[in-house]
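Chemist: Mind folding the following:
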Amino acid sequence: MSKYATGKHSKAISDRSGLEFPYREMVREWNGSFVHYTEFEPKQPQLEPKPIGGDGVALLQVRPDRTEPITTVMIPQDGFKTYQAGSGIINVNVPGHGLTNGTTYLFRGAPTTSPGTGTPTNPVFAYGSIPNFDGITGAQITQGSGYAITTGLYDNGARVTTDYALSNFFFFTVNADTATTGDIKGGGYGCSVGPITITPWLKNLLISLKICLNVKDKTLILKCMKKYVLIKQIKYVENMEEILSNGLYFSKLTRRC
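Modeler: Below is the predicted model:
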């Protein structure tokens, strides 16, 4: 069988430059050209582009967010404050309220059960009245049509729109009533502000709390409601039917975040 010579003493002509080089210093290019190694040119990468797949969009482990149910926002104790004597403007201090400027909201008193109706195990849920203060009647604040609020703090005849004021204060003008003295706080404990109509699950939960809390101290009940109900971060409570039927204590409620 024939074989090729090694070319140890041979010369070769480059296909690129036409110059003579030692045979054993020649190399073959990707296109078949026989050239000296100093003339070698690799194949241009753009001639054979690598395939690129589409961008990843979907996640492997999906935990989508959910739409928060509309709830009321707790107003701190005596969160209302009249502006000045003869004015119906009331500033409200609600840290991190998250309310929308210009939107109409309804003010409500402390959660309770309607007097004279229902039974201890089947109460009729209601919101209590807001106490009168500085010439402003609670009935005017809690009127059924609500009030359009303005975010920020009303001070020195103008709206204060600093980041702190917008995030923690809003004000509205109460109908009919005006302040007697001005710069007076009021409203008591357990008041809230929220949409005109709240979702039924919130009412059911408040009724359940009234049943499950085996305490007579109304202040303690309201504190529990403030912590677990009247905040926007509330999720939902499991075993609602079991709570209603067995009257479990509030400590046994499970809260899913």
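
Chemist: do you know how far residue 161 is from residue 130?
Modeler: From residue 161 across to residue 130, the span is 27 Å (CB to CB, to the nearest Å). For the C-beta atoms, the positions are set from N, CA and C on the backbone; glycine is no exception.

Chemist: let me fix that: residue 108
Modeler: From residue 108 across to residue 130, the span is 8 Å (CB to CB).

Chemist: again with residue 82
Modeler: Between residue 82 and residue 130 the distance is 13 Å, computed by CB to CB.

Chemist: what about stretch 51-69, average pLDDT?
Modeler: Across stretch 51-69, the average pLDDT comes to 79.

Chemist: now swap in stretch 144-158 and tell me
Modeler: Averaged over stretch 144-158, pLDDT sits at 94.

Chemist: got any residues that touch both of residue 108 and residue 130?
Modeler: With contacts taken as CB atoms under 8 Å, 6 or more residues apart in numbering, the residues that reach both residue 108 and residue 130 are 142, 191.

Chemist: how would you label residue 92: helix, strand or coil?
Modeler: At residue 92 the chain is in strand, as set by DSSP: H, G, I helix; E, B strand; the rest coil.

Chemist: Tell me the pLDDT of the nearest residue to residue 89 once chain neighbours are set aside.
Modeler: Among residues not flanking residue 89 along the chain, residue 83 sits closest, at 4.0 Å (CB to CB, 6 or more residues apart in numbering). We have a pLDDT of 96 for residue 83.

Chemist: what do you get for the one 3 residues further on?
Modeler: Residue 86 is assigned a pLDDT of 94 by the prediction.

Chemist: and residue 161 and residue 130? which has more neighbours close in?
Modeler: Higher neighbour count among residue 161 and residue 130: residue 130, with 24 against 12, using other CB atoms under 10 Å.

Chemist: what sits against that one?
Modeler: Neighbouring residues of residue 130 by CB under 8 Å, 6+ apart: 80, 107, 109, 138, 141, 142, 187, 188, 191.

Chemist: Which helix or which strand is home to it?
Modeler: Under the criterion DSSP states H and E, no helix or strand holds residue 130.
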